[in-house]
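Asks: this is the structure alone, sequence omitted:
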């Protein structure tokens, strides 16, 4: 992966814009990656990932929950086995983004693409297109999916804190699909 020299990023936050050569260079790499390895025939995952960097750079982030806590944050499009097809350097929040998760899944389903995503509980509402299902691990997890439903269910062993013993819980198929295909991006953390 190519990371440009930090001195090229400018002296202050005001020196940075979307027209910088570094962003244009990233776009040219993305175009050449896509022409060599077309991503349309793969099962893909999209998530944030960090490139370790301890130097001075205004793009450097600190994320406490990541294995690489200091670095440059990227949004990556990866295959299941971890090949990065495309990435976008996170340059800070530019504008307010709508809560798009369920609407994006409905749109993807209409154009013939299947998707499974993890969402916050407050972003899930009752719809007749997508099923709302929460599974409790250490905290509640909600999954929206157009690729898989509840069945076929498998069983998983989970420790129950109230009963202080391990028990078998039903595990919906949507969670199995999510866990199977989401690991590609996590290989880069």
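Replies: Received, thanks. Everything numeric in this text was worked out from a predicted model, so none of it was measured.
Asks: got the residue ranges for the helices in this structure?
Replies: 21-36, 101-110, 173-181, 183-186 (DSSP state H).
Asks: weakest of the ones you listed by average pLDDT?
Replies: Least confidently modelled of the helices of the chain is helix 21-36, at a mean of 56 by mean pLDDT.
Asks: what is the burial count for residue 56?
Replies: Number of residues near residue 56 (other CB atoms under 10 Å) recorded here: 9. The C-beta positions use only the backbone N, C-alpha and C, and glycine is treated the same way.
Asks: what pLDDT does it get?
Replies: pLDDT, read off for residue 56, is 87.
Asks: next one: it from residue 63, what distance?
Replies: Per CB to CB, to the nearest Å, residue 56 is found 18 Å from residue 63.
Asks: do residue 94 as well
Replies: In terms of CB to CB, residue 94 sits 19 Å off from residue 63.
Asks: and the two? Which one has more around it.
Replies: With neighbours defined as other CB under 10 Å, residue 94 and residue 63 compare such that residue 63 has more, 14 against 7.
Asks: residues contacting the closest residue to the more buried one other than its chain neighbours?
Replies: Once flanking residues are discounted, residue 63 sits nearest to residue 69: 6.1 Å by CB to CB, 6 or more residues apart in numbering. Going by CB atoms under 8 Å, 6 or more residues apart in numbering, residue 69 touches 50, 62, 63.
Asks: what does residue 117 give?
Replies: Neighbours of residue 117 in contact, by CB under 8 Å, 6+ apart: 101, 105, 143, 144, 145, 178.
Asks: repeat for residue 184
Replies: With CB under 8 Å, 6+ apart, residue 184 has these contacts: 44, 45, 78, 79, 80, 81, 82, 83.
Asks: which residue sits closest to it, ignoring its sequence neighbours?
Replies: Nearest non-adjacent residue to residue 184 (CB to CB, 6+ apart): residue 78, at 3.8 Å.
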